[in-house]
Each structure stands twice: as structure tokens, then as C-alpha cells.
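**Q** Following is a predicted model, sequence given first.
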Amino acid sequence: LDKMINDLKNGTRFSECLEKFPAIFGRDIVQITRGGENNGRLDEVAKVIAERLEEGVLSGPSEAAAAAATLSPGEEDEGDIKVGPIEESDEEFDSEKPKKLLNDLITQAIEENASDIHFEAWMEGAGPVKGRVKFRIDGVLEERTVLPIETYQGMIGRIKIMSALDVGQTRIPQDGRILIRACNERVDMRVAIGPSIFGEGACLRILRHKTFEKVFSNPELVFPEKELRDKLFQAAKAPYGLFIASGPTGSGKTTTIYSLLAQQNGKKCKIMTAEDPVEVTMPDIHQVQIKPAIGLDYAPTLRHFMRMDPDVIFCSEVRDVETAVLLLKIALTGHLVFTQLHASDAVNTLGRLLDIGLEPYLLADVLIGVVSQRLIRRLCPDCRKEAPEHLQRIKELAPDTEIAEGTIVYEAVGCDKCAHTGYRGRRAVYEYLEMTQELRQALRSNASREEIEEVASASNFKRIFDNALPLVINGETSLIEIFRVCTSGKKSNKGRVL
């Protein structure tokens, strides 16, 4: 106590004083105290700590902490879990109480190849408020468990602690990260927590580094078709220009861009990225996390990049005219620029950029190409069944498609191996709009969407739907799945897009 008092008198922060006594104050208590100091709410810390200890969420003076206090200098306690926003640990993810339920759910989600874990507070009819947990598997949400609200709130509190967020703050959204080892691999989780009318909700985006390493070392996993892969890699090695990946949220745009960046030699050229958030840390790349709250937005970050002598720049999103104009100027000055845009297809991406306010002649000069994509689910090979009526539908939609005699198409059924969804795994489907001289001239002359599509089609441009149909024909996916993620672009007799 005397030592703590002296440290406080000498200006040491309260959380740092607590951190010196691990046998008395657990790591979670130190984390909450530090959050209170950073947010100017230290007066609420004692109340929050008491509540969380009572709920069994915090690790107080544990046996592991007491053991750590008795270690000799240089020794490490292999039983202590190291968690935090970006802190990496080589130790296996612990599954002991009182965090057992959350740890088990995270482990289960990883084993089921879920991309996200959703925590929701809800009330059914006039019943009590409960918490439920859902996994997003192959792009579809599936409920996994329903919890009493007390247990649910304890899990939300534990997530905040693991991601170094303010445990006492429940009124505004908070974002964080957790880096752990689970299932014998490094796992990075992007955390988003925010309020709702029934209580706080959370979403954990699971990023498995082993998966990304496998993808980056085997580009054919991202781009299975060799013709497309060669075109994209050629575009990625252009000396300068603008390359755009488009599609809805969760369609795999960032993985596509990362795969193209991986083709660059980071040791021979300067690659800089402005991302919100940074999805995956990559070697030999200067990555910047955008933080609008402190004024670190895309536009000032891109201006800063230009003073750092870069060769390649990646901007993860075009949010406004200023950012779009800056990207064009950077490309015009001899840099290779990658970016992403939320648009329904490749041709519509051009329209979006023109609607933002970009000059058609500038866009025509610097644009290399636009790749638009979707993620489709693969049929489970153990339970799929034949669907001859779908083959007839394909012939009606695409009469020019070559279909061999005896071709069998399938539809989903569902079994234990695919969790009764009928699908197992996903793959990307693309359409690539490569800028030709004819397309550049059409852009400069303010051509309409229909005119641009006509010019592109003359250069062998195929829509996503047309590129996805062969996957139905070879039994990889179903026609229903194709219609779920994209349209054919053709119109029915009533004028509706199919």
C-alpha cells in the first residue's frame, strides 16, 4: 500500500499501480480501470468492477495471477491467456470458467467455419428479454443458442474486456479487435458493439490468418479461372492507373485486392494502404487504420501518402467526391491505385463514379479495369439431388450456352454434414470489365449504360450470371443459389429483371 501511495504521488497512473500487483488485481480489473482513465469516467469504475465480479465475468485475484506474482525473473506463466486489441500470443485459447461459454462459442464458430458471430438482445411477445447467438456460415445466419439475459450481458462485458473497450459505456457504439490463438491457429476478431432497445448487441468478424496465408500463396483458390486470373494479375502489375473492385458488403472484395497486392514485390516497391478497418496485416506493406473521430480520414491520409514516395496505394473505400478526385490525381501522377466501391455490377460502377462528380475524360484516361463479384455457396456433395427442371430453365435463360448430352444439374437437400443447409463452402464468381480503347472513347462521349454494355459485350465481356451458369451445369452449385446472389440481366414479359 505504501508503495502504491508513493507511486501515485509521483504521478503514476492508477491503472499502472494496480498492474504492479497481479496477485491482488486481475488483468480485467486493470483493463477496466485504464478504460475509465482514458474516458474520464474513473468515478464509475468501482461500481462496474463490483457488478462484473458479481456476474462472474471478470478474472479477479485468480490462482494464475497469484502464481504469476511468485515467478522468478524471466519466467513465463504458460497458463495465462494474453488477449487484447492487437496483442499476439502463441498460447492456446483457454476454455476454462468463468469465460467458458464465450470461449466455447468462439471455438465452435471457428470449427464450423463461420465468418461472423452475432449477439442479439431480443424479446418475443410479452416474454422476458433474452440473448441469442447466431453464426453466419457461407453467408447465411443460423441461430445457435438462446441465453438468459444475465448470462448474455456477462458475455457482452467479457467481449468488451477482451477488446479493450469501455465496459461502463452502453449508450454509444464501440469498435475494437481481439487477437487470440484458437484451434491451433492465430485468429483475429473484429469487434463491433452497439446499443439496441433491448440491450447491447455485438458482432465478431472472424479472420483466420491460416486461411489468408493459404489463399495468398495459392491465387487459384481466389481466381479459379486461368483466363480471368491472368488478366487481373496483368492489371495488378500495370505501371500506373486505377483498378476497382466492386460488389456488396461481404462479397470478398478485400480478399481480391489483397490477393492482387500480394503479387507486388513489397521488398522492391513501397505499398501503402488506407483501410477502415485493417482486415489483415500483411508483410512489407505500410497499412494505416482510418480514424475519422480524430480527423484521420481518407483524404488527409492519401495526401500524406503522396509525401511518402509510394509506388502502390490501396484505399479501402470511396466515400465522397474529395477521395475519388484524389485517387484519380494520384493515378494520373504515375502511381498504381486500388480501391473498392459498393455497386451492383461492373458497368454500374462507372455510373456511380460519374454520379459522384468525376470527369468522364479523366476516368477514361486512368481506369485500368473493374472487377465485380459475388460469393456463391457450393452444393454439399453428400446430399445434393438431381433437378432436371433446372436444366430446362437454363436453356431458356441462356439458349447459346453449350450443354453436353447427359448433363445433370443438382439442387440442395441438406444433411448432417452440411448442417442441413444443402451447401458446404463458398467460392467467388466474377465479371471483369477491362478498359479497351473503344470503352475509353465511349466514356469520353458520355455514353449511356446500355451503350457501354454493348461496347463491352463486343470485347467478350460476360456478366456475373453468365459466368455462374457453368458452375450450375458442372454440379458445383444450384440455379436457386445463383438467383439468390445475382440477376440474369434479362427481363420477363412483365418487364421485371430476372
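**A** Thanks, I have it.
**Q** low-scoring stretches of the chain, by residue?
**A** Along the chain, the parts satisfying pLDDT under 70 run over 1, 21-32, 34-98, 488-498.
**Q** any idea which helix is longest in it?
**A** helix 149-162 (DSSP state H).
**Q** Kindly export that helix (C-alpha atoms) in CSV.
**A** Extracted in CSV, the C-alpha atoms of helix 149-162 (Å, rounded to 0.1, in the frame of the first residue of the first chain):
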residue,chain,number,x,y,z
ILE,A,149,-30.3,-12.0,-20.3
GLU,A,150,-27.9,-12.1,-17.3
THR,A,151,-25.6,-14.6,-18.9
TYR,A,152,-25.9,-12.7,-22.2
GLN,A,153,-24.9,-9.4,-20.6
GLY,A,154,-22.0,-11.1,-18.9
MET,A,155,-20.7,-12.3,-22.3
ILE,A,156,-21.0,-8.8,-23.8
GLY,A,157,-19.0,-7.5,-20.8
ARG,A,158,-16.4,-10.1,-21.4
ILE,A,159,-16.1,-9.2,-25.1
LYS,A,160,-15.5,-5.6,-24.1
ILE,A,161,-12.7,-6.5,-21.8
MET,A,162,-11.0,-8.8,-24.4
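**Q** What residues sit buried inside it?
**A** Buried residues in helix 149-162, counted by 16 or more other Cβ atoms under 10 Å: 149, 151-162. (Glycine included, C-beta is placed from N, CA and C.)
**Q** other SSEs contacting that helix?
**A** If you count contacts as 3 or more Cβ pairs under 8 Å, 6 or more residues apart in numbering; DSSP states H and E, helix 149-162 packs onto helix 27-38, helix 45-55, helix 100-111, strand 116-123, strand 129-137, strand 174-182, strand 185-194, strand 201-208.
**Q** need these in a markdown table with distance to Ala428, can you?
**A** Formatted as a markdown table, the helices and strands packed on helix 149-162 follow (distance: least, Cβ to Cβ, whole Å):
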| stretch | distance to Ala428 |
| --- | --- |
| helix 27-38 | 39 |
| helix 45-55 | 42 |
| helix 100-111 | 22 |
| strand 116-123 | 18 |
| strand 129-137 | 17 |
| strand 174-182 | 25 |
| strand 185-194 | 21 |
| strand 201-208 | 17 |
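**Q** now, of those, which is deepest in the fold?
**A** helix 27-38 (a mean of 21; mean count of other Cβ atoms under 10 Å).
**Q** surely Ala387 meets Val409?
**A** Yes - if you go by Cβ atoms under 8 Å, Ala387 and Val409 touch, sitting 5.6 Å apart.
**Q** what residues are shared contacts of those two?
**A** 478-479 (Cβ atoms under 8 Å, 6 or more residues apart in numbering).
**Q** Settle it for me: which of these two has more neighbours?
**A** With neighbours defined as other Cβ atoms under 10 Å, Ala387 and Val409 compare such that Val409 has more, 24 against 18.
**Q** Now do the contacts for Pro292.
**A** Per Cβ under 8 Å, 6+ apart, neighbours of Pro292: Asp276.
**Q** same question, Val321
**A** Neighbour list for Val321: 356-358 [criterion: Cβ under 8 Å, 6+ apart].
**Q** okay if I get these as CSV plus distance to Tyr432, secondary structure and neighbour count?
**A** Listed next are the contacts of Val321 as CSV, based on distance: Cβ to Cβ, whole Å; DSSP: H, G, I helix; E, B strand; the rest coil; neighbours: other Cβ atoms under 10 Å:
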residue, distance to Tyr432, secondary structure, neighbour count
Ile356, 22, helix, 16
Gly357, 26, coil, 11
Leu358, 21, coil, 20
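**Q** Spatially, what comes nearest to Lys160 if we skip its sequence neighbours?
**A** By the measure of Cβ to Cβ, 6 or more residues apart in numbering, the closest residue to Lys160 outside its immediate chain neighbours is Val167, 4.8 Å from it.
**Q** How about the secondary structure of that neighbour?
**A** Of the three states, Val167 takes coil according to DSSP: H, G, I helix; E, B strand; the rest coil.
**Q** Neighbours of it, how many?
**A** Quick note: Val167 (other Cβ under 10 Å) scores 26 neighbours.
**Q** didn't it look like it was pressed against Arg158?
**A** No - applying Cβ under 8 Å, one finds Val167 not in contact with Arg158, separated by 9.3 Å.
**Q** which SSE is Phe243 in?
**A** Per DSSP states H and E: Phe243 is located in strand 241-246.
**Q** Please save the CA atoms from that strand in CSV.
**A** Extracted in CSV, the C-alpha atoms of strand 241-246 (Å, rounded to 0.1, in the frame of the first residue of the first chain):
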residue,chain,number,x,y,z
GLY,A,241,-3.7,3.6,-63.2
LEU,A,242,-6.8,2.9,-61.2
PHE,A,243,-8.2,-0.6,-60.5
ILE,A,244,-11.6,-1.0,-58.8
ALA,A,245,-13.2,-4.0,-57.1
SER,A,246,-17.0,-3.6,-56.7
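**Q** Give the next helix or strand downstream of it.
**A** Strand 241-246 is succeeded, C-terminally, by helix 253-261 (DSSP H and E).
**Q** Now for the nearest residue to Leu204 once chain neighbours are set aside: which residues touch it?
**A** Residue nearest to Leu204 in three dimensions, not counting chain neighbours: Ile117, with 4.3 Å by Cβ to Cβ, 6+ apart. Contact partners of Ile117, counting by Cβ under 8 Å, 6+ apart, are 105-106, 109, 133-136, 203-204, 206.
**Q** Does Ile117 have any beta-bridge partners, and if so which?
**A** Beta-bridge partners for Ile117, by DSSP bridges, are Phe135, Leu204.
**Q** That one and Ile473: what is the separation?
**A** The spacing between Ile117 and Ile473, counted by Cβ to Cβ, to the nearest Å, is 35 Å.
**Q** what about stretch 368-381, distance to the chain center?
**A** Relative to the chain's own centre, stretch 368-381 is displaced by 16 Å; criterion: Cα atoms, centre = their mean, to the nearest Å.
**Q** Identify each buried residue in that stretch, please.
**A** Quick answer for stretch 368-381 (16+ other Cβ under 10 Å): 368-380.
**Q** Cys486: which of those residues is nearest?
**A** Among the buried residues of stretch 368-381, Arg374 lies closest to Cys486 (Cβ to Cβ), at 5.4 Å.
**Q** Now for the closest residue to that closest one other than its chain neighbours: which residues touch it?
**A** Excluding the flanking residues, the one nearest Arg374 by Cβ to Cβ, 6+ apart is Val485, at 4.4 Å. Val485 is in contact with 374-376, 429, counting by Cβ under 8 Å, 6+ apart.
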